[in-house]
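Asker: I would like the atomic coordinates for the input below:
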Amino acid sequence: MASSSNGERKRARPDGRRRPSAATDEYIMIGPNEPFAIPPGMSREEAIRFFQEAEQAAKKVIALYGDGRPADGIPRASHLPNSCHRDGSIYTVNFGWHVDYCISDRTETQLEPMMLAEPTDCQPNRETCDFHFADPMMQIFSLKLAKISSGISPIQLYGYLAVRDIRDSGLNYIFNRSRDDPITINEGSLIEMTGPKRGIGMSCDVLIEYDMKIKKGGKEEEDLQLIDGVSDYSAVYNTSCKAFMNRIDGDGGSVDITLALIRRAVEAMIEVVVSEVYNEGFDLCLSSFVSGIGKEIQLFHGVVDEPCGLRRSVVAVALDTLMELKFKVCHGCGEIERCANFKAIKHGSVSQDIKFDQASISVKQEQVQAICQICRTRAQCSTAGKAGGRF
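Answerer: You can find the predicted model right below:
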């Protein structure tokens with residue numbers, strides 16, 4: 001991908017289209033007065049086949065949903081052409097988003113969260129910094145197993161769903177389970193999210209890549225494909241900054257994803273430590289609410305029977321707004337709730353202690369602004385690891 005002199009990125013459209021730049025360019029016509037310049041290394045026949053497959057996919061949607069709107073009223077996620085892992089088509093294209101987002105690179109994102117938590121270049125100082133600025137970010141609120149085609153529930157689910165953004169194009173896993181460690185889940189239940197590892201930048205388009213399967217027997221060949229492909233999201237078209245839900249359809253069922261674009265966002269990392277546990281333990285549910293968006297992010301739900309640190313969570317919060325953490329403790333026949341509020345600031349961290357009859361809990365929120373300033377140069381794409389996801 002080429003870069004301009006001021007450091008801004010110029011990227012291809014998700015379908016890879018570009019107009020001929022010279023009279024000598026070989027091209028095909030894909031619409032009235034719409035030529036498509038064939039990229040180097042791609043034959044004319046391959047270009048024609050690419051757009052024929054895209055047209056067939058569009059016709060399939062129209063056939064299923066009439067005028068293109070879902071018959072059940074549930075908006076569908078886009079499904080980019082040549083994005084399936086099962087048949088290997090995701091690795092057969094060498095232009096457009098396949099190259100822009102280094103699809104052949106199967107490694108996890110190398111960027112860590114909170115990389116600007118202790119900046120040394122604030123101006124005039126860290127408390128009144130006007131050098132670092134907020135950027136658009138994507139927040140994924142939930143994944144839900146919406147439908148199982150076989151109608152048999154529960155199932156054993158494994159595979160991955162990950163995000164690729166402009167920061168380094170590595171896989172930023174939201175869900176990632178190996179075949180040896182599937183989750184057992186019923187239709188209509190939330191899928192426990194294990195990520196993201198770091199904040200999701202949305203200054204440019206974001207790709208959501210998925211390859212999720214239903215474990216059926218002793219051999220992987222017997223398993224069913226739940227969903228498989230890539231969907232794209234653009235900050236240009238998602239301007240409302242409100243949470244919305246899309247359904248991702250597949251051969252074996254459907255997954256609902258709820259997400260939002262948050263403008264002027266900061267990356268916040270939440271660390272929770274259960275320092276003391278009294279008696280025999282308790283059931284803990286930890287969730288987060290972002291100011292202005294009435295959707296819950298479930299961060300943890302499980303039994304705590306000894307002092308421990310919970311998995312750290314990374315969320316996007318609009319600058320100068322409040323984020324609420326809700327702790328729900330269930331013990332015996334009782335249920336107790338406590339809340340902790342944190343204001344999203346440019347840099348720094350805040351800690352609070354929360355007391356229950358069953359436990360003492362310490363929570364720390366660390367914040368960093370301007371996640372997209374961390375990496376202004378795209379990492380080199382690797383050609384290794386074309387064997388699919390991390391399972």
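Asker: distance check, residue 70 against residue 76.
Answerer: 6 Å (Cβ to Cβ, to the nearest Å). Heads up, the C-betas are built off the backbone N, CA and C, glycines and all.
Asker: how about residue 199?
Answerer: Distance from residue 199 to residue 76, by Cβ to Cβ: 26 Å.
Asker: quick one: which of these two has more around it?
Answerer: Remark: of residue 199 and residue 76, residue 199 carries more neighbours, 31 against 18, as counted by other Cβ atoms under 10 Å.
Asker: need phi/psi at that one.
Answerer: For residue 199, the backbone dihedrals (degrees, to the nearest 10) come out as phi -60, psi 150.
Asker: skipping its backbone neighbours, what lies nearest it in space?
Answerer: Leaving aside its sequence neighbours, residue 199 sits nearest to residue 267 (Cβ to Cβ, 6 or more residues apart in numbering; 3.6 Å).
Asker: you'd agree the one you found is in a helix?
Answerer: No. Counting by DSSP: H, G, I helix; E, B strand; the rest coil, residue 267 falls outside a helix, being strand.
Asker: low-confidence ranges in the stretch 51-200 of the chain?
Answerer: 55-69, 71, 114-123, 125-133 (pLDDT under 70).
Asker: just the helices in it please.
Answerer: 97-100 (DSSP state H, counting those that start in this stretch).
Asker: residues contacting residue 163?
Answerer: Contact partners of residue 163, counting by Cβ atoms under 8 Å, 6 or more residues apart in numbering, are 138, 140, 171-172, 174, 196, 200, 206-209.
Asker: just put these in CSV and tack on neighbour count and distance to residue 98.
Answerer: Shown next, in CSV, are these (neighbours: other Cβ atoms under 10 Å; distance: Cβ to Cβ, whole Å):
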residue, neighbour count, distance to residue 98
138, 22, 21
140, 22, 23
171, 22, 15
172, 25, 18
174, 22, 21
196, 23, 22
200, 30, 20
206, 25, 15
207, 21, 10
208, 24, 15
209, 23, 11
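Asker: and which of those residues is nearest residue 313?
Answerer: Of all the contacts of residue 163, residue 313 sits closest to residue 196, with 9.1 Å by Cβ to Cβ.
Asker: is the closest one in contact with residue 137, as I believe?
Answerer: No. The pair residue 196 / residue 137 is not scored as a contact, 10.2 Å apart, by Cβ atoms under 8 Å.
Asker: out of the contacts of residue 163, which is nearest to residue 262?
Answerer: Nearest member of the contacts of residue 163 to residue 262, counting by Cβ to Cβ, is residue 138, at 7.5 Å.
Asker: bridging residues for the most centrally placed residue in the chain?
Answerer: When Cα atoms, centre = their mean is applied to the chain, the residue found nearest the centroid is residue 163 (3.9 Å). For residue 163, the beta-bridge partners under DSSP bridges are residue 172, residue 208.
Asker: how far away is it from residue 180?
Answerer: Residue 163 is 24 Å from residue 180, by Cβ to Cβ.
Asker: in the stretch 1-150 of the chain, which spans are strands?
Answerer: Secondary structure of the stretch 1-150 of the chain (DSSP state E, counting those that start in this stretch): strands at 27-29, 35-37, 135-148.
Asker: so can I have JSON lines of those strands showing distance to residue 52?
Answerer: Below are these laid out as JSON lines (distance: least, Cβ to Cβ, whole Å):
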{"stretch": "strand 27-29", "distance to residue 52": "11"}
{"stretch": "strand 35-37", "distance to residue 52": "13"}
{"stretch": "strand 135-148", "distance to residue 52": "29"}
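Asker: ranking those by burial, who's on top?
Answerer: strand 135-148 (a mean of 21; mean count of other Cβ atoms under 10 Å).
Asker: intersection of neighbour lists for residue 70 and residue 76?
Answerer: In terms of Cβ under 8 Å, 6+ apart, residue 70 and residue 76 are both contacted by the residues residue 247.
Asker: residues contacting the closest residue in space to residue 288 that isn't next to it in sequence?
Answerer: Leaving aside its chain neighbours, residue 288 sits nearest to residue 297 (4.5 Å; criterion: Cβ to Cβ, 6+ apart). For residue 297, the contact set (Cβ under 8 Å, 6+ apart) comprises 139, 141-142, 287-290, 313, 315.
Asker: one more time with 10 Å, if that's ok
Answerer: Contact analysis of residue 297 by Cβ atoms under 10 Å, 6 or more residues apart in numbering lists 139-142, 193, 258, 270, 286-290, 313, 315-316, 323, 325.
Asker: how close does it sit to residue 332?
Answerer: Distance, residue 297 to residue 332, by Cβ to Cβ: 28 Å.
Asker: against residue 205, how distant is residue 197?
Answerer: Taking Cβ to Cβ, one finds residue 197 at 20 Å from residue 205.
Asker: and stretch 250-261, what's buried?
Answerer: 250, 252-261 (16 or more other Cβ atoms under 10 Å).
Asker: of those, closest to residue 45?
Answerer: Once Cβ to Cβ is applied, the member of these that ends up nearest residue 45 is residue 250, at 29.3 Å.
Asker: bridged to the closest one, which residues?
Answerer: Under the criterion DSSP bridges, residue 250 forms beta bridges with residue 253.
Asker: show me the contacts for it.
Answerer: Contacts of residue 250 (Cβ under 10 Å, 6+ apart): 79, 147, 149, 210-214, 224-229.
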